[in-house]
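**Q** Sequence and predicted model, in that order:
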Amino acid sequence: MEPSIFRYDAPFVLESGEALPRLTIAYHTYGRLNASRDNVVWVCHALTANSEVADWWPHTVEAGRFLDPSRHFVVCANILGSHYGTTGPLHVNPRTGLPYYRDFPPFTIRDMVRAHGLLADALGIGRIATLVGSSVGGFQAVEWAVGEPSRIDRLALIATAAKASPWCIAIDETQRMAIESDPTFGEPSADAGRAGMAAARAIGLLTYRGGSGYNRTQQDPDGGSLPHRAATYQRYQGEKLCRRYNAYSYHAILDAFDTHDVGRGRGGVEAALARVAARTLVVGITTDLVFPPAEMRRLAAMIPGSTYHEIVSDFGHDGFLVEHEQLNTILYPFVND
């Protein structure tokens, strides 16, 4: 399904002070906005995902699921810098007539959220019944709930954080180092940096799945084999990302990831989270290495009146993509209450 396109034909000023001369946002919707405009479920997507939620989040946009399009008007927008249609490094800079590539201006999670707000206004959406975000999508969701507390009725935060931790920043920097080690990165081409991005993706996967996920799914058959199944899996996943993404967007979004801090300029994380007015559900994953359960419980404790649930999974951070039955059991009553 092709995305819809919203064009904001005015300068979009970024937190850095730089401005995009105009902004394009690609987005998908499912279902219909009801007459009272109170059935909106907005999904904020993660790192290299896209606005077509049904494409990357299995068994969620279906009847009887928490993103049931017969009950809800589900909206998801491709984030700023994305490969999938929203203004990003492969777009043409109107000032030069050439693609931005590595010259795309730095942006932040807050810039992403401001873009979401522009789209919501254009769609005639005042209040959001439920805002859902997982991983980097959760960064956007919690930032939005802090920045516009009166706009969000319910907030679901899955495997995420209120501030990028040193551990997360180190993971991101290691991936950036892999991309930058590719001598083609920096060339004026959409294909530049692909080998580096494949390596970066393989690094990221180690943290997304963890040892339990690999040991469960990538065992060699009895008697062994060469190449090892785990080795071919790493190469396959890197090459798979290269077929659908570009290194400039990946690098830029990793940079934006590291800017995440709801407490910046607001008196710290705890003071910022005290602003959240939405009824909030926080969901952790037992084996998540990126956002461990202990951190998720601390996040829940800082949001007034929030509740905490945990997904039991061998698949680490990716548990929110794999354990769809558990996720629906947790989220369906929350979204539909």
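**A** On my side now, so go ahead.
**Q** Of all residues in this structure, which one is nearest the centre?
**A** Compute the mean C-alpha point of the chain, and by Cα atoms, centre = their mean the closest residue is residue 46, 1.7 Å away.
**Q** mind checking the longest helix of the protein?
**A** Longest helix in the chain, counting residues (DSSP state H): helix 194-217.
**Q** Beyond that one, next helix or strand please.
**A** The element immediately downstream of helix 194-217 (helix or strand, assigned by DSSP states H and E) is helix 229-242.
**Q** can you map out the helices along this protein?
**A** All helices of the chain, identified by DSSP H, fall at 53-56, 109-122, 136-147, 166-180, 194-217, 229-242, 247-258, 269-273, 293-302, 319-322, 324-336.
**Q** Next, format those helices as JSON lines and append mean pLDDT, mean neighbour count and distance to residue 284.
**A** (C-beta placed from N, C-alpha, C; glycine too.) Formatted as JSON lines, the helices of the chain follow (pLDDT from 0 to 100; neighbours: other Cβ atoms under 10 Å; distance: least, Cβ to Cβ, whole Å):
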{"stretch": "helix 53-56", "mean pLDDT": "96", "mean neighbour count": "16", "distance to residue 284": "21"}
{"stretch": "helix 109-122", "mean pLDDT": "98", "mean neighbour count": "21", "distance to residue 284": "20"}
{"stretch": "helix 136-147", "mean pLDDT": "98", "mean neighbour count": "27", "distance to residue 284": "11"}
{"stretch": "helix 166-180", "mean pLDDT": "98", "mean neighbour count": "17", "distance to residue 284": "15"}
{"stretch": "helix 194-217", "mean pLDDT": "96", "mean neighbour count": "20", "distance to residue 284": "14"}
{"stretch": "helix 229-242", "mean pLDDT": "96", "mean neighbour count": "16", "distance to residue 284": "24"}
{"stretch": "helix 247-258", "mean pLDDT": "98", "mean neighbour count": "23", "distance to residue 284": "19"}
{"stretch": "helix 269-273", "mean pLDDT": "98", "mean neighbour count": "19", "distance to residue 284": "16"}
{"stretch": "helix 293-302", "mean pLDDT": "98", "mean neighbour count": "17", "distance to residue 284": "3"}
{"stretch": "helix 319-322", "mean pLDDT": "96", "mean neighbour count": "23", "distance to residue 284": "9"}
{"stretch": "helix 324-336", "mean pLDDT": "97", "mean neighbour count": "17", "distance to residue 284": "11"}
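**Q** mind checking which of those helices is nearest residue 160?
**A** Among the helices of the chain, helix 136-147 comes nearest to residue 160, with 2.4 Å by Cβ to Cβ.
**Q** show me what contacts residue 80?
**A** 23, 86, 87, 88, 107, 111, 112, 115, 256 (Cβ atoms under 8 Å, 6 or more residues apart in numbering).
**Q** My guess is the fourth one contacts residue 101. True?
**A** No: the pair residue 88 / residue 101 is not scored as a contact, 10.2 Å apart, by Cβ atoms under 8 Å.
**Q** Tell me the pLDDT of residue 154.
**A** pLDDT for residue 154: 98.
**Q** residues in contact with it?
**A** Listed by Cβ under 8 Å, 6+ apart, the contact set of residue 154 reads 129, 130, 131, 278, 279, 280, 281, 334, 335.
**Q** what does residue 126 give?
**A** 37, 151.
**Q** any idea how far residue 53 is from it?
**A** Counting by Cβ to Cβ, to the nearest Å, the separation of residue 126 from residue 53 is 22 Å.
**Q** Equivalent analysis for residue 139, please.
**A** 17 Å.
**Q** Check residue 326 too.
**A** Residue 326 sits 18 Å away from residue 53, going by Cβ to Cβ.
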